[in-house]
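>>> A predicted structure for the sequence below; I have some questions about it.
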Amino acid sequence: MTRGQANMPALLVALLALSTVAGVGLFVADDAVGSATRDAGERRVAVALSERLVSADGPLAVRGNVLDAGAVASLDDAAFESQYPVARDRAVRVTIDGETLVRTGDADGGTTIRRVVLVERRERVTRTPSLGTNREQSVTLPRRTPNATLTLSPPNGTTVDTVRANDRVVLHNASGITGTATVDLSRFETATLTVESSARLPAGSVSVTYYPSRTRKAVLGVTVDG
């Protein structure tokens, strides 16, 4: 009996220690599960947001995974939150090659998703080609462009009735074409514009403005914290 009473305090201490360890273990495990859940939530939002930023029908992209340099440069925090409401509820940072574009809240930690994209910048180039001496005269644009604007000002007594882009008729009027018109071109092939006229066109009769692009690779980063 005396020996049992002597062992009782030791047993109580052992039970208390076991309970404490178990409690700590449950706390750590719960914290780890909570952290994993938060990380999964952050990753899900970051992936979804990055996909929307590069989608072809989004406000920043000219086509899938190709961002318009002008749209990217003009993006600000307010416009970003308006276009992507999910950013209102979480701290979000968007970067291009590590440079912050927009930031909503304190997104210094969190989960980051990175995507390789192209950033496209279009130039405006105007040429006044010398079309030669034939009634059917052509000019090949040196770089691809999605469209071109032609200004036709033939001299009195000369009629321009047809303009073709490669083998496709893009403008036609038997009575004559004058003034300015924009025609769609294929961005997948070099365009040769052919002007058909009733007589030779002197220099300056045709002006062509086109919009070639320059692209560069970049890394888009989307960080979501909280």
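That came through fine. Numbering: from 1, shown residues only.

>>> Who are the contact partners of the residue nearest the centre of the chain?
With distances taken as C-alpha atoms, centre = their mean, Leu67 lies nearest the centre of the chain, 2.6 Å away. Contacts of Leu67 were listed using C-beta atoms under 8 Å, 6 or more residues apart in numbering, and they are Leu53, Val54, Leu60, Ala61, Val117, Leu118, Val119, Glu120, Ala218, Leu220. Where C-beta positions appear, they are placed from N, C-alpha and C, glycine not excepted.

>>> how about the strands of this protein, start to end?
61-63, 66-68, 91-96, 99-104, 111-122, 125-127, 136-140, 147-152, 160-165, 168-172, 179-184, 192-197, 206-210, 213-225 (DSSP state E).

>>> which non-adjacent residue is nearest Gly105?
Ala91 (3.1 Å; C-beta to C-beta, 6 or more residues apart in numbering).

>>> residues touching the one you found, list them.
So Ala91 contacts Thr104, Gly105, Asp106, Ala107, Gly110, Val224, Asp225, Gly226 (C-beta under 8 Å, 6+ apart).

>>> which of those residues count as buried?
Thr104, Gly105, Ala107, Gly110, Val224, Asp225 (16 or more other C-beta atoms under 10 Å).

>>> What is the most widely separated pair among those?
Thr104 and Gly110 (11.9 Å; C-beta to C-beta).

>>> Run a quick neighbour tally on Gln39.
Gln isn't right for residue 39; it's Asp. For Asp39, the neighbour count with other C-beta atoms under 10 Å is 12.

>>> For the remainder of this discussion, apply numbering that starts at 767.
Got it, the first residue is 767 from now on, which makes the last one we talked about Asp805.

>>> pretty sure it is in contact with Thr877, am I right?
Yes - judged on C-beta atoms under 8 Å, Asp805 makes contact with Thr877 at a distance of 6.0 Å.

>>> Just send the contacts of Ala857 back as JSON lines, with distance to Thr906 and pLDDT too.
Conversion of the contacts of Ala857 to JSON lines gives the following (distance: C-beta to C-beta, whole Å; pLDDT from 0 to 100):
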{"residue": "Thr870", "distance to Thr906": "48", "pLDDT": "88"}
{"residue": "Gly871", "distance to Thr906": "52", "pLDDT": "84"}
{"residue": "Asp872", "distance to Thr906": "54", "pLDDT": "86"}
{"residue": "Ala873", "distance to Thr906": "49", "pLDDT": "81"}
{"residue": "Gly876", "distance to Thr906": "51", "pLDDT": "88"}
{"residue": "Val990", "distance to Thr906": "48", "pLDDT": "93"}
{"residue": "Asp991", "distance to Thr906": "52", "pLDDT": "90"}
{"residue": "Gly992", "distance to Thr906": "55", "pLDDT": "73"}
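
>>> which one among those gets closest to Leu937?
Thr870 (47.7 Å).

>>> Was I right to think Asp842 contacts Thr866?
No - Asp842 is beyond contact range of Thr866, at 11.6 Å (criterion: C-beta under 8 Å).

>>> Tell me what the nearest residue to Asp874 once chain neighbours are set aside is bridged to.
Excluding its sequence neighbours, the residue lying closest to Asp874 (C-beta to C-beta, 6+ apart) is Asp991, at 7.0 Å. Residues found in beta-bridge contact with Asp991 (criterion: DSSP bridges) are Ala857.
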